[in-house]
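Enquirer: Model the following, please.
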Amino acid sequence: MSFPRTTVGGISLPRIVIGSNWLLGYSHTGHAADLFIKDIHSAVEANIAVIGAFLDHGIDAIMGPFSSSPEAKDLLFRVRDKLGKKLILIDTPVINVDDTEQARREAREVIKTSAEIGSSFCLIHHYSCEQLVNKNKKIIDRIPQYLEMIREFGMKPGLSAHMPEIVEFCDLNEYDVETYIQIFNCLGFLMQVEVESVIRIIHDAKKPVMTIKPMAAGRITPYVGLTFNWNVLREKDLITLGCLSRYEVEEDVEISLAALEKRLPELEGRSSPAKQSIIR
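Expert: Got it, this is the predicted structure:
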């Protein structure tokens with residue numbers, strides 16, 4: 001069964017997007033956890049196992065800073081060469097947003113690289129776009145020129161947000177975006193305002209929202225995190241999901257399908273050295 005899909009900027013996307021943090025070593029936990037991830041995914045076979053498991057469910061879109069991170073670009077090229085299958089790229093590049101001609105040339109080169117590696121979407125990384133947010137004026141200063149560059153190179157533009165105001169300011173000023181990335185999880189992890197406010201922002205958004213960190217980087221169990229998000233997001237919104245192994249992919253996809261179908265997921269119980277029938 002292929003995972004349900006939605007349409008963003010005229011492009012069909014699975015409602016689950018493959019996340020790259022748990023392939024690249026960004027644990028949001030600590031240096032030891034980062035190294036653990038990198039050790040596991042230093043071999044392309046480990047990358048293939050995870051991304052291949054997603055593809056088995058028709059989940060063919062992947063998000064990451066591919067054009068501005070050498071590690072992410074290397075991962076992408078290694079996986080594509082081995083898999084021989086098309087992946088829809090949602091690039092989240094870090095660009096130089098200084099107000100100088102040299103900085104604009106540098107930003108343009110990164111955006112050009114995004115197009116050259118085959119990105120369908122170019123969503124400017126929160127590190128870059130949040131430098132331009134003016135809360136007093138409720139604008140994102142000079143952002144239209146970068147969105148225009150993305151259009152010029154034939155990609156769908158958007159912004160990545162840790163600040164929820166970015167979604168609101170995009171709509172308020174009618175910036176040329178097709179989607180936005182927004183952190184959303186029931187724990188409120190890395191969210192700058194409470195869960196109740198962010199879900200209202202998502203529901204009011206004019207375009208589909210690609211949510212990230214549904215399990216708060218491992219602080220929430222998959223059943224709790226995914227069941228909550230699927231039950232409060234709109235049908236056109238997406239969840240970006242990072243997994244360390246193909247087993248996690250299978251489990252998370254089943255939990256997600258069960259949440260969408262309003263049923264209990266069919267999962268194996270947790271292991272225990274003194275497991276009893278009442279313990280699942």
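
Enquirer: helices and strands of this protein: which one has the lowest mean pLDDT?
Expert: In the chain, no helix or strand scores lower on mean pLDDT, DSSP states H and E than helix 21-24, which sits at a mean of 78.

Enquirer: which is the next helix or strand following that one?
Expert: Proceeding C-terminally, helix 21-24 gives way to helix 31-40 as the next helix or strand, assigned by DSSP states H and E.

Enquirer: How far does the helix or strand following that next one sit from its chain's centre?
Expert: Downstream of helix 31-40, the first helix or strand assigned by DSSP H and E is helix 44-56. Centroid displacement of helix 44-56 relative to its chain, using CA atoms, centre = their mean, to the nearest Å, is 17 Å.

Enquirer: Report the rounded mean pLDDT for helix 44-56.
Expert: The predicted model assigns helix 44-56 a mean pLDDT of 90.

Enquirer: What's the first helix or strand after it?
Expert: Scanning forward in sequence from helix 44-56 by DSSP H and E, the next helix or strand is strand 61-64.

Enquirer: related to what we said a few turns ago, could you list every helix and strand that the least confident helix or strand of the chain packs against?
Expert: The helices and strands touching helix 21-24, judged by 3 or more CB pairs under 8 Å, 6 or more residues apart in numbering; DSSP states H and E, are helix 31-40, helix 44-56, helix 70-83. Just so you know, the C-beta spots here come from the backbone N, C-alpha and C atoms, and that holds for glycine as well.

Enquirer: Against residue 105, how distant is the residue nearest to residue 159 when sequence neighbours are not counted?
Expert: Leaving aside its sequence neighbours, residue 159 sits nearest to residue 129 (CB to CB, 6 or more residues apart in numbering; 4.9 Å). Computed with CB to CB, to the nearest Å, the distance linking residue 129 and residue 105 is 18 Å.

Enquirer: of those two, who's got more company?
Expert: Set residue 129 next to residue 105 and count neighbours by other CB atoms under 10 Å: residue 129 wins out with 27 against 10.

Enquirer: show me what contacts the more buried one?
Expert: Neighbouring residues of residue 129 by CB atoms under 8 Å, 6 or more residues apart in numbering: 97, 140, 143, 146, 159, 160, 161, 166.

Enquirer: for residue 183, same thing?
Expert: Applying CB under 8 Å, 6+ apart, one finds that residue 183 lies in contact with 161, 162, 189, 190, 191, 198, 211, 212, 213.

Enquirer: So what's the residue count around the fifth one?
Expert: The number of residues packed near residue 191 is 19, by other CB under 10 Å.

Enquirer: and it, what is it in contact with?
Expert: Residue 191 makes contact with 164, 183, 184, 185, 198, according to CB under 8 Å, 6+ apart.

Enquirer: wait, doesn't the fourth one sit right on residue 213?
Expert: This means residue 185. Yes. Using CB atoms under 8 Å, residue 185 makes contact with residue 213 at a distance of 5.4 Å.

Enquirer: right, and residue 139 touches residue 170 too?
Expert: No. Taking contact to mean CB under 8 Å, the distance of 10.2 Å between residue 139 and residue 170 leaves them out of contact.

Enquirer: Neighbour count: those two, which is higher?
Expert: Regarding residue 139 and residue 170, a neighbour count based on other CB under 10 Å identifies residue 170 as having more, with 24 against 16.

Enquirer: need the contact list for residue 245.
Expert: Contacts of residue 245 by CB under 8 Å, 6+ apart are 40, 49, 50.

Enquirer: pLDDT wise, what is the closest residue to the second one other than its chain neighbours at?
Expert: Counting by CB to CB, 6+ apart, residue 49 lies nearest to residue 246, which is 4.6 Å off, once chain neighbours are set aside. Note on residue 246: pLDDT of 93.

Enquirer: again with residue 280
Expert: As summarised for this prediction, residue 280 has a pLDDT of 55.

Enquirer: Ok, residue 268 next?
Expert: Each residue has a pLDDT score; the one for residue 268 is 82.

Enquirer: And for the one 5 residues further on?
Expert: pLDDT, the model's per-residue confidence, is 71 for residue 273.

Enquirer: What of the one 4 residues further on?
Expert: Residue 277 is assigned 58 on the pLDDT scale.

Enquirer: cool, and residue 2?
Expert: Here, the pLDDT recorded for residue 2 equals 89.

Enquirer: how would you label it: helix, strand or coil?
Expert: coil (DSSP: H, G, I helix; E, B strand; the rest coil).
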